[in-house]
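1. Have a look; sequence and predicted model below, questions after that.
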Amino acid sequence: MRSFAVPATCAGLAVVLAPVGVSSQTTNRTTIQTDALTMWEKFKASWSQTKGAVKEQWGKLTDDDLLAIEGRRDQLVGKIQTRYGISRDDAEAQVGIWEQRRARDL
């Protein structure tokens, strides 16, 4: 009977503990998303300063592009994709790298 009790106990612990790992990953993803939204709210609030950094990074963007973007990340990705003729995934990756550098500067 004892040989059955150990695996049963381990299986029970696995069922109880498994959701903790998933919850932790979900919490981390939510925290990262919240941090990104907070960062973009800061970019939006100081868009006149931020657009200088954007223009420095992506020189093909026009002043009209920057006016249209108005601190919205999705608009920035779209304009980069259009001006540079790259895929949306590539534009997303470029903006992600730029965000990380800017976050360190904030």
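-> Alright, I've got the coordinates. All values reported here derive from a predicted model rather than from experimental measurement.

2. can you list contacts of the helix or strand hosting Leu67?
-> Leu67 belongs to helix 63-69 when assigned by DSSP states H and E. Applying Cβ atoms under 8 Å, 6 or more residues apart in numbering, the contact partners of helix 63-69 are 51, 54-55, 61, 75-76, 79, 83. Glycine gets a C-beta too; all of them are placed from N, C-alpha and C.

3. Could you rerun that using 6 Å?
-> Under the contact criterion Cβ atoms under 6 Å, 6 or more residues apart in numbering, helix 63-69 has outside partners 51, 75-76, 79.

4. List buried residues within those residues.
-> Buried members of these, scored by 16 or more other Cβ atoms under 10 Å, are 51, 76, 79.

5. For the first one, report the pLDDT, please.
-> Pointing back at Lys51 there. For Lys51, the pLDDT comes out at 89.

6. likewise Thr30?
-> For Thr30, the model assigns a pLDDT of 56.

7. can you check the one 3 residues further on too?
-> We note a pLDDT of 57 for Gln33 in this prediction.

8. rewinding a little: inside helices: which ones of the contacts of helix 63-69?
-> Within the contacts of helix 63-69, residues falling in helices by DSSP state H are 51, 75-76, 79.

9. Below-threshold pLDDT in this structure: ranges please.
-> For the chain, the stretches flagged by pLDDT under 70 are 1-37, 106.

10. Recalculate using a threshold of 80.
-> For the chain, applying pLDDT under 80 flags the ranges 1-40, 105-106.

11. Break down it into its strands, ranges please.
-> Using DSSP state E, the chain contains no strands.

12. out of the ones in helices among the contacts of helix 63-69, who's nearest Asp89?
-> Among these, Leu76 lies closest to Asp89 (Cβ to Cβ), at 14.6 Å.
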